[in-house]
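[1] coordinates only, sequence not included:
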């Protein structure tokens, strides 16, 4: 499983990690889809699953090289390094795009997920009655999540920790969008926008020697929330990965068919033709006429699908 990587391989892993981290911030899109399409999903699950009691024994006994190799650290460092970079750098950009060009952004992601379903289907080695059944179950669960009404969130640290555990599911369960689940829990803006930006600007000010943020109670509160959220995410990541590792070993085709169902059902929440009603609820519609906006949205859908096509073909030729 552990491979010797060239400099170009490492750069590509960094880029893939950046892409995975970026789409994890979009409600309705799962970063795990990038992992599946770029053919590093299994290695991701395998590597994180190695963060266990054995690895901690190696770490605390000073066997650094054995620990490094055991957890496939090179792979994790470059992949999550890219994800961390995008987690902060994409926050402001995505906020801008969602506010100013939301229809085109949703169109692009709708095209990406639609194409993803087509390319992921062959991952099921053999379609049988049980795999079709679990695909249907996954579809219904994904659809149910997509159509659920958001609840009012809160900044209680126990709840924030729980949100962290839930949010990381999008990385391990393609089709289940962690950021969309945060939206349903009412904490998307607090945890993926306000807290992230507070931590980013605090680090930036710390680097240039400005410690004024230490006297800003609201900034400190948001940083505390971000830290608890991150610990919750790490806990959830280890938990979900160990469960998935077991399921993929014992019930590979059934697990993959369930994941494809999640993706198929959750695509509804990405439908780009939407409008916010007076009661602050999203309403979806089908375009009744061909105008400039509709044409541009169709182009964005095509570009999104085309990007997935390129990623999938490139991933097959350059397996990392």
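    Noted; the coordinates are in hand. Keep in mind that what you see is a predicted model, and the values were worked out from it rather than measured.
[2] next one: stretch 264-272 to chain centre, how far?
    Here stretch 264-272 is found 15 Å from its chain centre; the criterion is Cα atoms, centre = their mean, to the nearest Å.
[3] so what would you say the end-to-end distance of stretch 118-130 is?
    20 Å (Cα to Cα, to the nearest Å).
[4] who touches that stretch?
    Residues from elsewhere that reach stretch 118-130 (Cβ atoms under 8 Å, 6 or more residues apart in numbering): 33, 36-37, 131, 174, 252-254, 256-257, 259-260, 263, 308-309, 312. For the C-beta atoms, the positions are set from N, CA and C on the backbone; glycine is no exception.
[5] same question for it, mean pLDDT?
    Mean pLDDT, stretch 118-130: 83.
[6] in it, which residues are buried?
    119, 120, 124 (16 or more other Cβ atoms under 10 Å).
[7] go on, stretch 145-163?
    Neighbour-count burial for stretch 145-163, counted by 16+ other Cβ under 10 Å, picks out 145, 146, 150, 153, 155, 159, 160, 161, 162, 163.
[8] about what we covered before: out of the contacts of stretch 118-130, what pair is the most spread apart?
    Largest separation among those by Cβ to Cβ: 254 and 309, giving 27.4 Å.
[9] which one of the two is surrounded by more residues?
    Taking neighbours as other Cβ atoms under 10 Å, residue 254 and residue 309 compare with residue 254 leading, 19 against 15.
[10] so which of the buried residues of stretch 118-130 are in helices?
    Under the assignment DSSP state H, the buried residues of stretch 118-130 contribute 119, 120 to helices.
[11] could I get the average pLDDT for the host helix or strand of residue 313?
    Residue 313 is part of helix 292-317, with elements assigned from DSSP states H and E. Within the predicted structure, the mean pLDDT of helix 292-317 is 82.
[12] identify the residues contacting stretch 64-73?
    Stretch 64-73 is contacted from outside by 1, 2, 43, 46, 47, 50, 51, 54, 55, 58, 59, 74, using Cβ under 8 Å, 6+ apart.
[13] verify the stated contact: the last one with residue 14.
    Same thing as residue 74. No. Residue 74 is beyond contact range of residue 14, at 11.5 Å (criterion: Cβ atoms under 8 Å).
[14] start to end distance for stretch 255-275?
    35 Å.
[15] distance between that stretch and the chain's centre?
    14 Å.
[16] just the contacts of stretch 118-130: which are in helices?
    Checking the contacts of stretch 118-130 against DSSP H, those in helices are 33, 36-37, 131, 252-254, 256-257, 259-260, 263, 308-309, 312.
[17] which among those count as buried?
    Among the ones in helices among the contacts of stretch 118-130, those classed as buried by 16+ other Cβ under 10 Å are 33, 36-37, 131, 253-254, 256-257, 259-260, 263, 308, 312.
[18] turn those residues into TSV, including distance to residue 101.
    Output for those, formatted as TSV (distance: Cβ to Cβ, whole Å):
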residue	distance to residue 101
33	22
36	27
37	24
131	39
253	39
254	39
256	34
257	35
259	30
260	29
263	24
308	20
312	26
